[in-house]
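Novice: When you get a sec, could you give me coordinates for this:
(one chain, ligands or ions: 1)
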Amino acid sequence: MPGGSHRVGTVRVVTPLRTDLPPGAQLPPRPANAPAPGTVLPSHYVRCFACGDQSAHGLHLRVDADAGLALCATFEVTEHHQGAPGLAHGGLLSCALDEALGALGHLTRTSLVTGRLETDFLRPVPVGTVLHLSARVEGVLGRRVYASGEGRLNSPTGRVAVRARGLFVEVPMEHFVTHARAEDIQAIEQDPDLIRLREHQTIF
Ligand SMILES: CCCCCCCC(=O)SCCNC(=O)CCNC(=O)[C@H](O)C(C)(C)COP(=O)(O)OP(=O)(O)OC[C@H]1O[C@@H](n2cnc3c(N)ncnc32)[C@H](O)[C@@H]1OP(=O)(O)O
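Specialist: Coordinates of the predicted model:
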């Protein structure tokens, strides 16, 4: 059920969003084997639209680990990313935040998929802008990871253009094998460099 508020008589009833931190969620410590702050986090899949090198008109997000359970990322808005003339498409801005929030799994050392993502668009983002994203884990409850982030215009301290909150779910590697097409699995078998597994992960 989406969150929001409505009136019952004179009383405003507030329903929490599904990305609000639920009671019992906790911020876990940074794992000892999490990449050090400043480490460039590898693209998990070279054909990923958001972070892959081989996605010709993709976002080519560059992601760096930060202190704690946080990271920062950048991507340049090109003419291939337009919605309205000269302005970034909102769905692509959500995509960039989805990737940045999902990449927090590098720090929690888990594989995360998006369950829910909410984006607020505060300012238009012109072609040529370098969007500076930051993302952090807000709390974890069981397999659920609650995260938030924002994108700023042209500098880490620039004006906030987009904000997002997300609920991510930890999944085993089988999730990807089960749901992928046979030809994609075959391509990875033939060229394991298409994906970047962490040291404890195996896909086959
Ligand atoms: C480095 C990598 C970066 C990657 C970044 C990119 C991220 C992405 O875009 S991933 C692609 C988009 N997302 C997807 O394809 C996911 C599709 N959905 C699914 O596969 C499943 O619904 C999945 C895995 C999320 C959950 O299914 P399943 O494993 O059966 O678990 P399930 O029991 O339903 O949910 C687990 C918990 O999360 C909660 N949950 C799941 N989805 C939601 C949701 N939308 N809203 C609220 N809660 C949710 C459940 O209520 C449950 O809670 P609890 O533990 O208290 O019972």
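
Novice: Please count neighbours and contacts with C-alpha atoms only from this point.
Specialist: Noted.

Novice: what distance separates stretch 4-15 from the centre of its chain?
Specialist: 32 Å (CA atoms, centre = their mean, to the nearest Å).

Novice: so where is the protein shaky, pLDDT-wise?
Specialist: Scanning the chain for pLDDT under 70 picks out 1-2, 198-204.

Novice: Residue numbers of it in contact with the ligand?
Specialist: On the criterion CA under 6 Å from any ligand atom, the ligand has as its neighbours in the chain the residues 18, 44, 98-99, 102-103, 113-116, 142-144, 169.

Novice: Show me what the longest helix seen in the chain is packed up against.
Specialist: Criterion DSSP state H: the longest helix present in the chain is helix 90-102. With contacts defined as 3 or more CA pairs under 8 Å, 6 or more residues apart in numbering; DSSP states H and E, the packing partners of helix 90-102 are strand 70-76, strand 112-121, strand 130-141, strand 144-153, strand 160-170.

Novice: cutoff 10 Å now
Specialist: Using 3 or more CA pairs under 10 Å, 6 or more residues apart in numbering; DSSP states H and E as the contact criterion, the elements in contact with helix 90-102 are strand 62-65, strand 70-76, strand 112-121, strand 130-141, strand 144-153, strand 160-170.

Novice: okay if I get these as JSON lines plus mean neighbour count?
Specialist: Shown next, in JSON lines, are those (neighbours: other CA atoms under 10 Å):
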{"stretch": "strand 62-65", "mean neighbour count": "22"}
{"stretch": "strand 70-76", "mean neighbour count": "24"}
{"stretch": "strand 112-121", "mean neighbour count": "17"}
{"stretch": "strand 130-141", "mean neighbour count": "23"}
{"stretch": "strand 144-153", "mean neighbour count": "25"}
{"stretch": "strand 160-170", "mean neighbour count": "22"}
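
Novice: could you dump those strands to a markdown table with distance to residue 22?
Specialist: Shown next, in a markdown table, are the helices and strands packed on helix 90-102 (distance: least, CA to CA, whole Å):
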| stretch | distance to residue 22 |
| --- | --- |
| strand 62-65 | 26 |
| strand 70-76 | 20 |
| strand 112-121 | 14 |
| strand 130-141 | 8 |
| strand 144-153 | 9 |
| strand 160-170 | 11 |
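
Novice: quick one, which of these is nearest to residue 182?
Specialist: Among these, strand 112-121 comes nearest to residue 182, with 20.3 Å by CA to CA.

Novice: buried set for the longest helix of the chain?
Specialist: Neighbour counts over helix 90-102 (16 or more other CA atoms under 10 Å) mark 90, 92-102 as buried.

Novice: quick one, that helix and strand 112-121 angle?
Specialist: Angle, helix 90-102 to strand 112-121, by axes from the mean of the first three to the mean of the last three CA atoms, to 10 degrees: 130 degrees.
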